[in-house]
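Engineer: this one's sequence-less:
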């Protein structure tokens, strides 16, 4: 009886259906089986939940990443200058607040205060002998930007071209004599140097590849001799083709409606963080004054040529070492040419790339080679060739398609430095071999 009471109590507390089993042993066996089944069921449900939870978390992560990416691209399109590298962020001058946290007026004030002390007023003097044997003095002025603590100042080549005497001031009476380090007429850029005074501020260089039309810009310069004049505007256009005074193309120029006048040449075009994004160079004006169409050389072009100017006093670009009039120009002058487009090898520089590659110049008895393309790019004029070579380095090989003796052939040409004796000289002719 005692055993039966314990048995009944056991069944009553655990499972009413077990009353039909007459022993504790049988009831325990059944109970263990049900506990095992229940344990398996709980484990299977937990696994599903884990999988579903992981899947849901992955979906949320993907959605959040996509949203953040879209938001970042939207903000970048609205204002690319908000996204800067660590190097660019470190280059933002002290005293300029986050432009998004202050008014546009306050931003202009802060940029001017921080940057204008580093904008140079450049005065040039040239001397020429007149008809009577006397000396005539010519004066000019322009602007420039201090680019390092050694006193190097970046300006336009046309500002200092032909000058025999240079001086620089920074908004005061004191003038500093300057010397010409070198220049590049092809990009209309030059570097001069002064003995810098203590604490001379340096204008940081930005990134002209990240610009968008509509972006705010500021120009500081010395128009009409009025030193440290500030004008503001926006980027009106990008990738504008302009020409240097030697007629070389300057690609990717920045167009702005910020007022630029004579005397602004060589001064900085700035973004709202005070970083130089261009060098003010030209205006389009029927009367010679600003009509809201100005152009600046991209600062990334300056970054590319400044190291060579500082090292060599010039920019050494690969050249073919040949005189190459265009077929189109020759046809317009009445010459009958065997092809419709290309560059005629009129003459070659002794020891230059063209001569070493075996290109045939014009002789009294035969027309020279005609270069119709280079590296697969058609050549209609020397501008096309200049743009291609400007991206090459000494030692590179260019594949030329050449029309010769009634058929087209491929001529590889290795780009070498023009012999020093031939620099600046007129190419000479040679006979066909």
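Structural biologist: Nice, I can see it. Since this is a predicted model, take the numbers as computed values, not measurements.
Engineer: tell me which helix or strand of this structure sits lowest on mean pLDDT?
Structural biologist: Least confident helix or strand, the chain: helix 2-14 with a mean of 43, by mean pLDDT, DSSP states H and E.
Engineer: got the buried residues for the longest strand seen in the chain?
Structural biologist: Criterion DSSP state E: the longest strand present in the chain is strand 229-243. For strand 229-243, the neighbour count (16 or more other CB atoms under 10 Å) marks 229, 230, 231, 232, 233, 235, 236, 238, 240, 242 as buried. (Glycine included, C-beta is placed from N, CA and C.)
Engineer: with stretch 355-375 instead?
Structural biologist: By neighbour count with 16+ other CB under 10 Å, stretch 355-375 contains the buried residues 355, 357, 359-362, 367-374.
Engineer: all the helices of the stretch 101-250 of the chain, residue numbers only.
Structural biologist: Along the stretch 101-250 of the chain, counting by DSSP state H, counting those that start in this stretch, helices occupy 104-115, 157-160.
Engineer: could I get the ones you listed as TSV with distance to residue 412 and mean pLDDT?
Structural biologist: Formatted as TSV, the helices of the stretch 101-250 of the chain follow (distance: least, CB to CB, whole Å; pLDDT from 0 to 100):
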stretch	distance to residue 412	mean pLDDT
helix 104-115	49	96
helix 157-160	34	96
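Engineer: can you list these in CSV and add mean neighbour count and distance to residue 318?
Structural biologist: Formatted as CSV, the helices of the stretch 101-250 of the chain follow (neighbours: other CB atoms under 10 Å; distance: least, CB to CB, whole Å):
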stretch, mean neighbour count, distance to residue 318
helix 104-115, 17, 36
helix 157-160, 23, 20
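Engineer: so which strand or helix has residue 66?
Structural biologist: helix 24-78 (DSSP states H and E).
Engineer: now that helix: mean pLDDT?
Structural biologist: In this model, helix 24-78 has a mean pLDDT of 61.
Engineer: same check, this time on stretch 364-372
Structural biologist: Mean pLDDT, computed over stretch 364-372, is 90.
Engineer: could you tell me the end-to-end distance of it?
Structural biologist: One end of stretch 364-372 sits 22 Å from the other (CA to CA, to the nearest Å).
Engineer: which outside residues touch that stretch?
Structural biologist: 324, 327, 337-339, 341-346, 359-362, 378-379, 385, 400-404, 408, 411, 432 (CB atoms under 8 Å, 6 or more residues apart in numbering).
Engineer: sketch out the low-pLDDT regions of the stretch 251-400 of the chain for me.
Structural biologist: Scanning the stretch 251-400 of the chain for pLDDT under 70 picks out 286-291.
Engineer: pLDDT averaged over stretch 213-229 - what is it?
Structural biologist: Mean predicted lDDT for stretch 213-229 stands at 93.
Engineer: for that stretch, buried residues please.
Structural biologist: 215, 216, 217, 218, 219, 220, 221, 222, 223, 227, 228, 229.
Engineer: nearest to residue 173, of the residues you listed?
Structural biologist: residue 227 (11.1 Å; CB to CB).
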